[in-house]
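I'll drop the sequence and a predicted model, then ask my questions.
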Amino acid sequence: MNVTLSQPALLKSHSYIGGEWLSATSGQTFAITNPANGEHIIDVADLGAEETTLAVEAAEKAQKPWQALTAKERATLLRRWNQLILENQDDLAKLMTLEQGKPFAEAKGEVAYGASFIDWFADEARRLYGDVIPTFASDRRVLTIKQGIGVVAAITPWNFPIAMITRKAGPALAAGCTIVIKPSDETPLCALALAELAHQAGIPAGVLNVVVGKNAKDIGGVLTANPIVRKLSFTGSTPVGKLLLSQCAQTVKRTSMELGGNAPFIVFDDADLDAAVEGAINSKYRNAGQTCVCANRILVQEGIYDAFAEKLAQRVSSFKTGDGFGEGVNIGPLINPAAISKVEQLVENALSNGAKALIGGSVSQEAGAQFFEPTVLTGVTEEMDIFSNEIFGPVAPLFKFKSEEEAVAMANNTPFGLASYFYSQNLGRIWRVSEALEYGMVGINEGLISSEVAPFGGVKESGSGREGSKYGIDEYVETKYLCMGGL
Ligand code: ADP
């Protein structure tokens with residue numbers, strides 16, 4: 001690895017269980033490589049079912065004492081962790097660009113965004129109020145208290161290697177839960193660095209555990225079958241989410257699922273054209289299109305279609321594709337060769353069925369095999385594969401529509417329902433379309449909507465539960481009813 005960290009202790013190769021750094025009992029390791037150039041970064045310990053059970057037991061041992069701290073004491077430790085993450089923003093961002101590929105400036109942005117969840121939930125820890133309910137009998141009093149659900153498991157993806165962890169660990173720890181995290185085996189280094197900083201912040205042993213391994217099925221098997229684990233929070237693909245839901249059913253665990261999306265981005269004739277182009281750029285090309293809230297289908301009304309397509313392609317032509325550490329780079333590599341093949345297939349299917357590439361359309365000759373050129377496709381129709389598949393690459397397919405009804409019907413014509421966006425200046429239309437879109441989130445004249453203060457989550461096959469905001473902590477607490485009699 002030819003990147004230097006200010007704090008070399010943040011580069012870890014072992015898993016963090018019960019406050020200790022453990023190797024695999026099998027002695028196995030696996031290589032972490034840089035998606036931009038295939039270079040080897042480090043070998044990490046390859047843990048499995050046995051060590052996952054140890055982590056669950058460590059989390060169980062730590063849970064009651066952690067819950068017994070006052071909310072203020074837990075909040076103080078969370079704030080210290082938040083502070084250390086921000087102090088080490090550059091190092092964490094370097095690790096992220098190395099293992100995940102996103103441009104360094106974007107990686108720094110994610111570190112700050114990730115930390116914001118810990119800061120937010122440190123505050124929310126102190127607002128977990130119960131209720132005193134007007135009684136139903138004069139000799140009884142009725143109240144509720146809120147308690148942490150217990151041991152929580154988190155399974156997280158590679159596209160936001162820090163934020164998808166803090167968005168779960170922040171509320172879990174704030175509520176008095178302990179957590180076992182299984183990060184993606186593509187991006188374990190960010191997760192392990194977060195664990196090291198939690199350790200330095202003084203978060204007690206066993207409260208936060210990170211199990212890294214290649215065998216997701218085995219690790220996930222323990223996390224979903226072990227009755228000690230009371231809740232699973234998952235972010236990833238819809239097929240894996242469905243599998244995990246069925247596994248969790250055996251022990252009736254609570255679940256939160258942040259799954260795939262197929263976000264529509266609708267531009268009406270009455271939109272501010274420049275604002276819509278900027279919004280599409282922000283929503284489509286962030287992380288090289290590898291986010292579950294990226295605009296996946298850009299639906300443009302016929303009167304503005306050509307002008308929008310031209311302006312978008314013009315903006316995209318200024319993009320620089322390359323290694324995330326390169327000066328001015330805003331499109332990094334895709335995560336692995338399978339991601340490249342998928343995007344290639346979707347684009348080829350569209351082009352062979354009559355779509356046109358205004359710009360881009362293939363793997364980048366200049367940047368290399370892991371980079372897909374930022375692309376704008378016109379003449380795309382609902383019959384093409386790209387309409388119903390999550391692209392996860394820097395490709396903007398432009399579909400044409402005539403009426404508001406048609407746009408809403410096209411937007412809702414998917415089993416997914418995570419993020420959606422539309423641009424219009426008409427107040428009546430803004431209300432009608434906001435209410436008609438079957439999505440958990442709607443960006444109105446805005447392409448960037450994620451924030452720790454707002455509830456993130458989907459409907460339909462995009463999942464259940466909300467992360468962030470005042471609602472996010474509800475996923476990690478049980479409401480207990482106390483009835484006091486004989487008064
Ligand atoms: P992505 O396409 O983002 O990689 P996945 O759903 O495949 O989405 O992966 C998200 C997370 O789920 C990763 O941490 C991955 O290792 C994990 N995962 C994949 N398959 C399983 C499984 N069968 N059981 C448990 N975890 C899994």
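The structure has been received and is ready for your questions. Numbering: from 1, shown residues only.

In this protein, which residue sits closest to the ligand?
Here the residue of the chain nearest the ligand is Gly220; by CB to the nearest ligand atom that distance is 2.2 Å. (C-beta placed from N, C-alpha, C; glycine too.)

Please identify the helix or strand for that residue.
helix 216-225 (DSSP states H and E).

Could you find the closest non-adjacent residue to Phe234?
Of all residues not flanking Phe234 in the chain, Ile155 sits nearest, at 4.8 Å (CB to CB, 6 or more residues apart in numbering).

List the beta-bridge partners for the one you found.
Assessed by DSSP bridges, Ile155 has beta-bridge partners Lys182, Phe234.

ok, now which ones touch Gln28?
Ala45, Asp46 (CB atoms under 8 Å, 6 or more residues apart in numbering).

quick one, strands of the stretch 151-300 of the chain?
Counting by DSSP state E, counting those that start in this stretch, the stretch 151-300 of the chain has strands at residues 151-155, 178-182, 208-210, 229-235, 254-258, 263-267, 295-301.

Serialize these to a markdown table and add fields for mean neighbour count.
Formatted as a markdown table, the strands of the stretch 151-300 of the chain follow (neighbours: other CB atoms under 10 Å):
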| stretch | mean neighbour count |
| --- | --- |
| strand 151-155 | 28 |
| strand 178-182 | 28 |
| strand 208-210 | 29 |
| strand 229-235 | 25 |
| strand 254-258 | 22 |
| strand 263-267 | 27 |
| strand 295-301 | 26 |
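
looking at those strands, which is closest to Cys190?
Nearest to Cys190 among those is strand 208-210; the distance by CB to CB comes to 10.2 Å.

How about that closest one and the ligand, touching?
No: for strand 208-210, no contact with the ligand is found by CB under 6 Å from any ligand atom; the gap never falls below 11.6 Å.

what's in contact with that strand?
Contacts of strand 208-210 (CB under 8 Å, 6+ apart): 15-18, 55, 58-59, 169, 173, 178-183, 188, 191-192, 194-195, 198.

where exactly do the helices run in the stretch 351-487 of the chain?
Using DSSP state H, counting those that start in this stretch, the helices assigned to the stretch 351-487 of the chain run over residues 385-388, 404-412, 427-436.

which helices and strands sit right next to the longest one?
Applying 3 or more CB pairs under 8 Å, 6 or more residues apart in numbering; DSSP states H and E, we find helix 427-436 packed against helix 404-412, strand 441-444.

what's it in contact with?
With contacts defined as CB under 8 Å, 6+ apart, helix 427-436 is touched by Ile266, Phe268, Asp270, Glu404, Ala407, Val408, Asn412, Phe422, Ser424, Val442, Ile444.

which among these end up buried?
Among those, those buried by neighbour count (16 or more other CB atoms under 10 Å) are Ile266, Phe268, Glu404, Ala407, Val408, Asn412, Phe422, Ser424, Val442, Ile444.

On the pLDDT front, check the third one for me.
At Glu404 the predicted local distance difference test score is 98.

ditto for the last one
Per-residue confidence (pLDDT) for Ile444: 98.

Residues in a beta bridge with it, which ones?
Phe422.

Pretty sure it sits against Gln425.
No: using CB atoms under 8 Å, Ile444 makes no contact with Gln425, being 10.6 Å away.

re earlier: now, which of the contacts of strand 208-210 lie within helices?
Among the contacts of strand 208-210, the ones falling in helices (DSSP state H) are Ala55, Ala58, Ala59, Ala169, Leu173, Pro188, Ala191, Leu192, Leu194, Ala195, Ala198.

Let me see the contact set for the residue sitting nearest the centre point of the chain.
The chain has Met164 as the residue nearest its centroid, 4.5 Å off, counting by CA atoms, centre = their mean. Residues near Met164 by CB under 8 Å, 6+ apart: Thr156, Pro157, Thr235, Glu258.

For the ligand, tell me which of these show up nearby.
Thr156, Pro157.

With adjacent residues omitted, what lies nearest to Thr385?
In this structure residue 385 is Asp, not Thr. Asn349 (4.5 Å).

Quick one: neighbours of the one you found, just the number.
14 (other CB atoms under 10 Å).

quick one, what contacts it?
Met384, Asp385, Ile386.

per the record, what domains does this protein have?
8-259+462-481, 263-444 (the TED database).

Would you confirm that the residue nearest to Phe234 contacts Lys231?
No: using CB under 8 Å, Ile155 is not in contact with Lys231; the gap is 11.7 Å.

Quote the end-to-end distance of stretch 415-429.
Taking CA to CA, to the nearest Å, stretch 415-429 runs 24 Å from one end to the other.
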